[in-house]
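# Sequence plus predicted model, see below.
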Amino acid sequence: MQDIKPLLVFAAVLEHGSMNAAAAALGMTPSAVSQHINRLESVHGIKLLNRSTRRLTPTDAGQTLGGYCRRLSRTLSDTHAAIGALKTEPAGDLHISLTSSVIDCPAFQTALMRLQNEFPRIRPVLHFNDALDDLHSSRFDLAIRGGDRALDDPGLVARHLTTWHFQICASPSYLARHPPITRPEQLRTHHWLYFGTPHITLHKNSESRLIDLSTGIHCNQIAAVRSLTVAGIGLSCQVSGEIGALLAQGRLQTVLPDWMLPAVNLYLVTPYRVQSAKTEAAVRIIQESFAQEAV
C-alpha cells in the first residue's frame, strides 16, 4: 500500500502545478511531497519533473505516468464514495456548491428547512462560488448550477430542477429618475449592472433586439448585481425564480415585460452516480422542493 502513496502525490502535483499547492491539498508538508517524488524517481530510475525557480513541468515520462496516476486517484475517490454509500444513516457534513444568488430561491430555502427537520444529523455546509467548482477534485457532495456551461464536464451526473427566464429589472427609485422605458432601443442609454456575458437579446413575436451592456458595471458576483440593482444603481437581468419576493415587496420592477429574454436551466449535479446516504437524502429533498415550487 505504501507504494501507492507516491503515485497519488505525483498526481496531485500535476493537478495543482506545484509542490506547495499539492501539499496544501493533501494536508502534507511541501518537504514530504518532495520526498515522495524523489523516492518515486529514485526507485524506478526515471526523471519525472523538470524543476526551475519559476515553474515545475513534467518530463515526457512524467506525462505518461501522470495519466495513470490520475486514473488511480479517480478510482480511489470512486471507491471512497462507494464506501460512503454503504452507510445506512444520513449523517455528517454535506458540502453544497452553489451560486451566490440561489440562496434567494424559495425552493432552495424550503429544501434547507426540510433537511434540518427531517435529517437533523446532516450538517449542510454552503460554498458560494459563481464560477464552476470542480466537483471531481474537491470535497463537494453536490452542486446547484445553471447556464450554458453547467454541464461542461461529461463525467458529472445532472438532474434538471427547473427552467427560469431572465427578466430586465430596476428599482422604483431608478425608474423614477428616468423617462419611461417603452422600447428596447431606449435600453442603450441606461446604466447597466451585469455578470457574465455583456450582451442580451430580446424577442417579441418576429422582432429581436441585441443590447450591449459592456459600458455598464461588471460584477464577479451575481448577488452583488442584484443588491446594486435594488439600491437603484442601474438595470440588470435577473432570473425569475430568485426575485419573486423582491417583486412582491415592490423593491424591484420588471422593464419591458412583454419582451422575452433567454431561459436558463438549473441543475442539481453530483460527481458520482452512487451516492452516500446523506447525499441521496439531500438530492431527493431538493428535487421535491423544486418540483413543488413549480406546481
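Arrived safely. Numbers count the residues shown, from 1 in each chain.
# which residue ranges form the strands in the stretch 151-295 of the chain?
157-170, 193-194, 199-204, 207-212, 217-218, 236-239, 253-255, 263-270 (DSSP state E, counting those that start in this stretch).
# Where does pLDDT dip in the protein?
1-2, 53, 82, 84-88, 136-137, 148-150, 274, 295 (pLDDT under 70).
# What are the structural domain limits within it?
4-85, 92-295 (automatic domain parsing).
# Including mean neighbour count, could those go into a markdown table?
C-beta here means a position set from N, CA and C on the backbone, and glycine is covered the same way. Supplementary listing: those in a markdown table, determined by neighbours: other CB atoms under 10 Å:
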| stretch | mean neighbour count |
| --- | --- |
| domain 4-85 | 16 |
| domain 92-295 | 17 |
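# Report the secondary structure state of Met28.
coil (DSSP: H, G, I helix; E, B strand; the rest coil).
# what about it, distance to Lys5?
10 Å (CB to CB, to the nearest Å).
# what are the phi and psi values for the closest residue to Arg121 other than its chain neighbours?
Closest residue in space to Arg121, ignoring its immediate chain neighbours: Ala91 at 3.8 Å, by CB to CB, 6 or more residues apart in numbering. Backbone torsions for Ala91, taken as degrees, to the nearest 10, come to phi -160, psi 160.
# Same check on the one 5 residues further on?
Backbone dihedrals for Ile96, given as degrees, to the nearest 10, come out at phi -120, psi 130.
# close enough to count as contact, it and Leu126?
Yes - between Ile96 and Leu126 there is a contact under CB atoms under 8 Å: 5.5 Å.
# Find residues that contact each of those two.
The contact sets of Ile96 and Leu126 do not overlap (CB atoms under 8 Å, 6 or more residues apart in numbering).
# got a list of what the nearest residue to Cys219 once chain neighbours are set aside touches?
Distance criterion CB to CB, 6+ apart; nearest residue to Cys219, sequence neighbours excluded, is Val225 at 4.9 Å. Neighbouring residues of Val225 by CB under 8 Å, 6+ apart: 193-195, 219, 236, 238.
# hmm, 6 Å instead?
For Val225, the contact set (CB atoms under 6 Å, 6 or more residues apart in numbering) comprises 193, 195, 219, 236.
# same question, Ile122
90, 94, 115, 278.
# In strands, which of those residues fall?
Judged by DSSP state E, these include Leu94 as members of strands.
# In helices, which of the contacts of Ile122 fall?
Judged by DSSP state H, those include 115, 278 as members of helices.
# Distance of the nearest residue to Tyr194 once chain neighbours are set aside relative to Ser31?
Nearest non-adjacent residue to Tyr194, counting by CB to CB, 6+ apart: Leu213, 4.6 Å away. From Leu213 across to Ser31, the span is 50 Å (CB to CB).
# Then Glu293?
In terms of CB to CB, Glu293 sits 52 Å off from Ser31.
# same question, Gly196
Gly196 is 42 Å from Ser31, by CB to CB.
# Kindly report the same for Arg177.
With CB to CB as the criterion, Arg177 and Ser31 are 61 Å apart.
# next one: Asn20
Asn20 is 10 Å from Ser31, by CB to CB.
# Equivalent analysis for Ser214, please.
Relative to Ser31, and taking CB to CB, Ser214 is found at 48 Å.
# which stretches of the stretch 101-250 of the chain form helices?
106-118, 172-176, 222-230, 244-248 (DSSP state H, counting those that start in this stretch).
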